[in-house]
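Novice: Predicted coordinates and the sequence they were generated for:
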Amino acid sequence: MSELRRQQLAFAAHLRDPQAHPPPPGIEPRRLAVYRELFFNGIAGLLAGNFPVLRRALGEDAWKALVRRFYAEHRSHTPLFPEVGREFVRYLEGRAGTDGPPWLAELAHYEWIELAVRIDGTPAPAHDPHGDLLDGEPVPSPWARALAYRWPVHRIGPRFLPQAPPEAPTLLLVRRDRAGEVRFAAISPLVYRLLELLGEGGRSGRTVLRTLAAEAGAEGDAGFLAQGAAMLERMRAEGTLLGTRAA
């Protein structure tokens, strides 16, 4: 390894964790302090903007300590600033149960997913926006996600810090509407399962609804299928479904 490379690694290690890694020789302490502040504040500012609820729920001291640990310990998978939030979520998921509130990683994921859906550049698959959702294969929007959490993440905040998860999971739908706004909605276990089946693809809407009816103990129930068909149409109207698979 060249001397320059050793200097670079020592400098980076010091910026990440100045308490554990001494600075390389020959750099003025005042300049080092400026570098440390600039680099850390850049990451801290990005995270504060991405996770405002988590920051308030933890309190300022615990939040700063958490960001400092992330900055010192995590090895990022990407250099892209918009992905820093995802890296923070990865870090918390890897530490789940080690320290901090038990809902920490899930609340972070809930806050991060809003930005992820907002900036998702996945192109829409080929589809017929007016296709028959029963006879055709419904096409889910690539900008919609069905989410399941152990904790009621949409309610957690400074005034509500649960100590134990509820018996039932929290099921949410997050989607980007046609105006580019990100919307969240609580959904039932039946709707969550419907979205799972639709996401598997390869089946007509009628077949999916019959599968769902069989799982729900409503096989052959015409009313169940009619309500399911109406739900598919509502999903198309709100943008959760794009239409049907193009021929």
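Specialist: Thanks, I have it.

Novice: quick one: pLDDT of residue 201?
Specialist: The score at residue 201 is 94. That number is its pLDDT.

Novice: Run the chain-centre distance for the helix ranked longest in the chain.
Specialist: Secondary structure of the chain per DSSP state H: the longest helix is helix 29-50. From the chain centre to the centre of helix 29-50 is a distance of 25 Å (CA atoms, centre = their mean, to the nearest Å).

Novice: now do stretch 155-162
Specialist: Relative to the chain's own centre, stretch 155-162 is displaced by 19 Å; criterion: CA atoms, centre = their mean.

Novice: C-terminal to the longest helix of the chain, what's the next element?
Specialist: For helix 29-50, the succeeding helix or strand toward the C-terminus, using DSSP states H and E, is helix 52-58.

Novice: average model confidence for that following helix?
Specialist: On average, the pLDDT along helix 52-58 is 98.

Novice: For that helix, list every residue counted as buried.
Specialist: When neighbours are counted by 16 or more other CB atoms under 10 Å, the buried residues of helix 52-58 are found to be 53-55, 57-58. The C-beta positions use only the backbone N, C-alpha and C, and glycine is treated the same way.

Novice: From those, pick the one nearest residue 206.
Specialist: Minimum separation from residue 206 among the buried residues of helix 52-58 (CB to CB) is found for residue 53, which lies at 40.9 Å.

Novice: check contacts around that closest one.
Specialist: 107, 111, 156-157 (CB atoms under 8 Å, 6 or more residues apart in numbering).

Novice: Next, format those residues as CSV and append pLDDT and secondary structure.
Specialist: Supplementary listing: these in CSV, determined by pLDDT from 0 to 100; DSSP: H, G, I helix; E, B strand; the rest coil:
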residue, pLDDT, secondary structure
107, 98, helix
111, 98, helix
156, 98, coil
157, 97, strand
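
Novice: Now which of these would you call buried?
Specialist: Among the contacts of residue 53, the ones that count as buried by 16+ other CB under 10 Å are 107, 111, 156.
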